[in-house]
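Colleague: Provided below for reference: sequence and predicted model.
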Amino acid sequence: MTNNIVIVSTPYLPGYKITRTIGFTWGLIVRSRGLGRNITAGLRSLAGGEIHEYTELLNQSREQVIERLKEHAKTLGANAVVSVTFDSSEIGGGMTEILAYGTAVIVEKDETPGSPVWLK
């Protein structure tokens, strides 16, 4: 594997075996919506439909928390994070907390050939 941290939402990484579980890791961000975005979004909400300003803000925030998750996992000595999940909540009416968390692990390429499963 390279220096990149592999992130998956599954509890395993196909083609690799977990050789060590390090523990809990996370990335966190709290964002506020700016006045300009609130006004624009408020006007859009009158017409209904998707509010693109908020969608863009949340997508940017999720990308940032994934990068923070990777940074934290790397400081723990991991080369992968399994069982990654997102959570979010509102704080104080104008701020949103976004959290990504999972289990930091060390994985190695699994050279064991696959074997068929027989059901009887």
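Modeller: It's in.

Colleague: which other helices and strands contact the strand or helix carrying residue 101?
Modeller: Applying DSSP states H and E as the criterion places residue 101 in strand 95-109. Contacts defined by 3 or more C-beta pairs under 8 Å, 6 or more residues apart in numbering; DSSP states H and E place strand 95-109 against strand 16-32, helix 52-76, strand 80-91. Glycine gets a C-beta too; all of them are placed from N, C-alpha and C.

Colleague: in its sheet, what does it sit against?
Modeller: Paired neighbours of strand 95-109 in the sheet (DSSP bridges): strand 16-32 (antiparallel), strand 80-91 (antiparallel).

Colleague: TSV for the ones you listed, including mean neighbour count, mean pLDDT and distance to residue 69?
Modeller: Below are these laid out as TSV (neighbours: other C-beta atoms under 10 Å; pLDDT from 0 to 100; distance: least, C-beta to C-beta, whole Å):
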stretch	mean neighbour count	mean pLDDT	distance to residue 69
strand 16-32	15	94	3
strand 80-91	16	93	6
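
Colleague: Looking at those strands, which is nearest to residue 110?
Modeller: Closest to residue 110 of these is strand 16-32 (C-beta to C-beta; 4.4 Å).

Colleague: just the angle between that closest one and helix 52-76, please?
Modeller: 130 degrees (axes from the mean of the first three to the mean of the last three C-alpha atoms, to 10 degrees).

Colleague: Right, I'll leave it there.
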